[in-house]
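J.: What follows is a protein structure lacking sequence information:
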C-alpha cells in the first residue's frame, strides 16, 4: 500500500463534460502511478493520456494526467490532476478508487486549511481564495484575485516591520497612515464579500414586487394591482455598482405577522446580519400611523423610505419619502441606487457611476477587527505606543483570521 495522500474534486459535482480531481501529498505520485495502466507520470508542467484501472485491474476510464507546479494551482500546493469523463457515477467511482489507493477526500475548505498549514498561503490569501471562487460580480472577482495574489498580505507585513523596535517618528507616522487607510477602506471592501442584505417592505399594493423585479432585471415575482399577490418571501442577488446585494421581497407587512411568510420577513430584518429595509410608500407618499408604528424604534435607522408609483403622480411633493421613483418605468431608479450605495456601501457622494475604487483593505470581519485593534494600540498612548500589541494584532490578522468562526 502506498503512502497516504489527499485528493479533491476541483470541478463542480454533478453531470458535466469532464471532472477534475487534484491529488497532493507525499504519497500522491506512487498511488496515482499504481492506479494507471501505464504506471508512469508526466514531467512537471506536462500532461499525458492514460487509463485509470479499478481494483481488479479493469479499465474504469480513459484519463488525462497532469503534473502541476504550485504556481499554477489555486491552492498554491503542487499537485497532480486527474481528468475523467464527467458523469456522476464515474465521479463517485473515481473517488472510491482513490480511497482504495490510500487517498483522503477533502472539500474546498479542507484544501485551503491544508494549504495554510503548509504555508502555501496565509490566512488573508485563503479567505480571498474562498471568496474569489464564490464571487458574484466582475468587481468582486477582480478584487479577490488581487488579494489572493497577496496585496493585503504585503501591506500587513509592511506594518509588522514598521512596528519593530527601534522605530522612529517618521516610521510611526507612516504606520498610522497605513492602518487608518486600511480601516477606512474596509467598509467598501467587506461589501464585496459580505453582500448587503436588504428587505423590500411596505403595505400591500405599494409595488414591492415590481421594484424587486426592477432590481433583478427580470420578472421573478408575480405582479398585479390586487393587494396580496406576493405570498412568498422571494430572494435574489442584484449588482449595485457591480457590488453584490441580496434582496428579499416580502408580502405587505404588519406590525404583528399573520403567517410564516411575514414572520420570516420580520426575522430577516431583526437578525444581526440584516442591514436594512427599503420601505415603500404609495402616493401621496405620507407615512400612516400603521407605517410609523411598524418602523418606530425598530427599523427607522435602517430604513430608506421609497416613494413608488411616480409615473401615476408626477407633480406631487415627496412628503416623507427619501427618494421618488417608478419601479414600473424605471424613472428615478438610479437615484435609489445612489442612496443605497451612500447609506450602506461606503460610496462617496457624487462619484460617477462608472468609476469605483476598491483600495486594498480588510475584507472580512476578523481582518477588520485585527487592524482596528492594532490602530487602537498604536494611538492609545501617544509617545509610547504599544508596539508589541500592534504586532500581535497584525499577525493575528495575517495568519489566524481564517477560517472565521
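T.: Yep, that arrived. Source: prediction; values computed, not measured.
J.: need the next SSE after whatever helix or strand residue 139 lives in, C-terminal direction.
T.: For residue 139, the host element (DSSP states H and E) is helix 138-148. The helix or strand immediately downstream of helix 138-148 is helix 151-162, counting by DSSP H and E.
J.: I'd like the next helix or strand past that following helix.
T.: That would be, after helix 151-162 and using DSSP H and E, helix 169-193.
J.: Any idea how far that following helix is from the middle of the chain?
T.: Mean C-alpha position of helix 169-193 versus that of the full chain (C-alpha atoms, centre = their mean, to the nearest Å) differs by 21 Å.
J.: Does anything pack onto that helix? Which helices or strands?
T.: On a contact count with 3 or more C-beta pairs under 8 Å, 6 or more residues apart in numbering; DSSP states H and E, helix 169-193 meets helix 123-133, helix 138-148, helix 151-162, strand 243-249, helix 365-380. To be clear about C-beta, it is placed using only N, CA and C from the backbone, and glycine gets the same treatment.
J.: These into CSV, with extra columns for mean neighbour count?
T.: Below are these laid out as CSV (neighbours: other C-beta atoms under 10 Å):
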stretch, mean neighbour count
helix 123-133, 23
helix 138-148, 19
helix 151-162, 20
strand 243-249, 22
helix 365-380, 20
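J.: Now tell me which of those the model trusts least on average.
T.: If the helices and strands packed on helix 169-193 are sorted by mean pLDDT, strand 243-249 sits at the bottom with a mean of 89.
J.: So which residues make contact with it?
T.: Contacts with strand 243-249, where a contact means C-beta atoms under 8 Å, 6 or more residues apart in numbering, come from 136-137, 139-140, 191-192, 195-200, 208-209, 211-212, 215-216, 221, 230, 233-239, 265, 268, 340-341, 345.
J.: which ones among those are found in strands?
T.: Of the contacts of strand 243-249, the ones assigned to strands by DSSP state E are 196-200, 234-239.
J.: so which two of these are the farthest from each other?
T.: 199 and 239 (18.1 Å; C-beta to C-beta).
J.: Pick out whichever of the two has more residues nearby.
T.: residue 199 (27 against 16; other C-beta atoms under 10 Å).
J.: who's in contact with the helix or strand harbouring residue 99?
T.: Of the helices and strands defined by DSSP H and E, residue 99 is found in helix 88-100. Residues from elsewhere that reach helix 88-100 (C-beta under 8 Å, 6+ apart): 7, 9, 13-15, 19, 21, 23, 31, 35, 52, 54-55, 60-61, 82, 84, 105.
J.: Tell me the buried residues in stretch 283-299?
T.: By 16 or more other C-beta atoms under 10 Å, the buried positions in stretch 283-299 come out as 283, 285, 287, 291, 294-295, 299.
J.: How far does it sit from its chain's centre?
T.: That offset, for stretch 283-299, works out to 33 Å (C-alpha atoms, centre = their mean).
J.: Quick one: mean pLDDT for that stretch?
T.: Stretch 283-299 shows a mean pLDDT of 82.
J.: so where's the stretch 151-300 of the chain uncertain?
T.: Counting by pLDDT under 70, the stretch 151-300 of the chain shows low-confidence ranges at 218-233, 250-274, 297-300.
J.: before we move on, back to that, if we only consider the ones in strands among the contacts of strand 243-249, which is nearest to residue 305?
T.: Of the ones in strands among the contacts of strand 243-249, the one sitting nearest to residue 305 (C-beta to C-beta) turns out to be residue 200, at 12.4 Å.
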